[in-house]
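Visitor: Provided below are the primary sequence and the corresponding predicted coordinates.
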Amino acid sequence: MSEQNRDEVQEAPAYRAVPKKRQGNRRATGGSAFSGEEPQLAGLTQPPATGVPPSSEDDRDTWLKEQRPPHY
């Protein structure tokens, strides 16, 4: 074999039957345990509107039952 052919043979193949083991942490937070308040997104940090108070659970349950198909 010529020297050029030996170099080509020794190169690592592009495809691996077994995937390479992942190194390091894959979490977006860097692997630290989450603690504290939920992060606020820019432009969405306004306090919630204090308009109409939420209706009672009974109203919600009634509405959900009305949404069921007739064969339920």
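Guide: Received, thanks. Numbering: from 1, shown residues only.
Visitor: Need the single longest helix in the chain, by residues.
Guide: Scanning the chain for the longest helix, with DSSP state H as the assignment, gives helix 57-67.
Visitor: For it, buried residues please.
Guide: When burial is assessed from 16 or more other Cβ atoms under 10 Å, helix 57-67 yields no buried residues. C-beta: built from backbone N, CA, C; applies to glycine.
Visitor: any chance you could map the helices in this structure?
Guide: Counting by DSSP H, the chain has helices at residues 3-10, 57-67.
Visitor: Quick one: residues in contact with the longest helix of the chain.
Guide: By Cβ atoms under 8 Å, 6 or more residues apart in numbering, no residue outside helix 57-67 reaches it.
Visitor: weakest of the helices of the chain by average pLDDT?
Guide: For the helices of the chain, the bottom mean pLDDT is recorded on helix 3-10, which sits at a mean of 55.
Visitor: Run through this protein and note the low-pLDDT ranges.
Guide: For the chain, the stretches with pLDDT under 70 are 1-13, 27-35, 45-55, 72.
Visitor: how about 80 then?
Guide: Within the chain, the ranges that satisfy pLDDT under 80 run 1-14, 24-57, 70-72.
Visitor: Which stretches in it count as strands?
Guide: Under the criterion DSSP state E, the chain carries no strands.
Visitor: How many residues are close by Leu41?
Guide: Counted by other Cβ atoms under 10 Å, the residues lying close to Leu41 total 7.
Visitor: Kindly report the same for Arg68.
Guide: Residues contacting Arg68 under the criterion other Cβ under 10 Å number 8.
Visitor: Done for today, thanks.
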